[in-house]
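S.K.: got a structure for you, letters missing:
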């Protein structure tokens, strides 16, 4: 069994995944920030809440 080769290959794989494909990590970070906002909006719609919010609803009520 070639332990040195296996360790070298595993470090090469890790280096490639972390450093050479950094755009994937950047996209993951952006998705981590954006998708909870969309899911919260979707859950508000599923619950039957007003998806626009109370501030806009108050503006609608105050208009003559």
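M.R.: Perfect, I can see it now. Quick caveat, the model's predicted, so the values are computed rather than measured.
S.K.: so what's the gap between the helix or strand encompassing residue 39 and the chain middle?
M.R.: Element membership for residue 39, per DSSP states H and E: helix 22-47. How far helix 22-47 lies from its chain's middle: 4 Å, per C-alpha atoms, centre = their mean, to the nearest Å.
S.K.: any regions of this protein where pLDDT drops low?
M.R.: 50-64 (pLDDT under 70).
S.K.: how does it look with 80?
M.R.: Scanning the chain for pLDDT under 80 picks out the ranges 1, 36-64.
S.K.: got the end-to-end distance for stretch 13-31?
M.R.: End-to-end distance of stretch 13-31 (C-alpha to C-alpha, to the nearest Å): 24 Å.
S.K.: what residues of it count as buried?
M.R.: Along stretch 13-31, no position meets the burial threshold by neighbour count (16 or more other C-beta atoms under 10 Å). In this view, the C-beta of every residue, glycine as well, is placed from N, C-alpha and C.
S.K.: how far away from the center of its chain is it?
M.R.: The answer for stretch 13-31 is 14 Å, by C-alpha atoms, centre = their mean.
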